[in-house]
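Engineer: Here's my sequence, what's the structure:
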Amino acid sequence: MATIVDVTILGNRYKLKSSDNEAGQLEELAARLDARMQETASHLKRVNPLNVSILTALQLAEELAKSHGEARAAYAKLQKQYNDELARLGRQHAAELAQCKKDAAELEKKHSEELAKCKKDTAELEKNHLEEMAKLRQDMDRLEKKHADELAQCRAEQAAQGRKHADELAKLTDGQKESLSQLTRQHEALVAELRQAHSQEMAKVQQEQSRRYEALQAEHASLKKDYDELMELLEET
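Structural biologist: Next up is the predicted model:
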């Protein structure tokens, strides 16, 4: 809603129309203008309202121009500070980006070296395992050959003893048949004991070979599992 404001400027009263919320501000501006014009008039020998108004307007225009210049200078300073800070942040970002790329390259190089070392270690372990397996097979073959030779020798000795007993049996008289029968039984018992002992020894050797072979198989499976898990971890990284 409009309202009428009474103001006095350089001794002259004016009625000005203003809104309710701006009436106080209009009165304050009029009082400040009157004070400036009164100050300007105090320096003049002859007071002419028009001249006082023109001089006051010139003073206000000069102050406004000065304020605009100061504002432009302040804006230019702030703009320069902004550009300098933007350039500094750009250089800092570029340096951080370069460092990040350098760190990434070093990390990738480190991972590549670790992967190569892991592959090398795995290859060496697999090679050692294969060599141990080959050696175990050679030992098994050599042991089987040894047992086969011992068995052949035992059979040859048994055959020789059988022939010897047969010859002795042919030479024995009827009165010596009982002694011959006893000797035959002892011989058969001895042969049975030898066969049983040989069978037990062969069973023990086969069990030991089976145990060592299963242990090597388990170790190989464990190494293969560790290698697969390590490869998955490196791929995820």
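Engineer: what's the following helix or strand after whichever strand or helix holds residue 96?
Structural biologist: Per DSSP states H and E, residue 96 falls inside helix 49-171. Moving toward the C-terminus from helix 49-171, the next helix or strand (DSSP H and E) is helix 177-236.
Engineer: Which other helices and strands does that next one contact?
Structural biologist: Using 3 or more Cβ pairs under 8 Å, 6 or more residues apart in numbering; DSSP states H and E, the elements in contact with helix 177-236 are helix 49-171. Where you see a C-beta, it was placed from the backbone N, CA and C, and this is true even at glycine.
Engineer: what's the helix it packs on packed up against?
Structural biologist: If you count contacts as 3+ Cβ pairs under 8 Å, 6+ apart, helix 49-171 packs onto helix 23-42, helix 177-236.
Engineer: just how off-centre is the helix holding residue 96 within its chain?
Structural biologist: Helix 49-171 has its C-alpha centroid displaced from the chain centroid by 8 Å (Cα atoms, centre = their mean, to the nearest Å).
Engineer: angle of it against helix 177-236?
Structural biologist: Here helix 49-171 runs at an angle of 170 degrees relative to helix 177-236 (axes from the mean of the first three to the mean of the last three Cα atoms, to 10 degrees).
Engineer: Rounded mean pLDDT for helix 49-171, please.
Structural biologist: Average pLDDT, helix 49-171: 82.
Engineer: and that helix with helix 23-42, angle?
Structural biologist: Between helix 49-171 and helix 23-42, the angle comes out at 130 degrees (the same axes, to 10 degrees).
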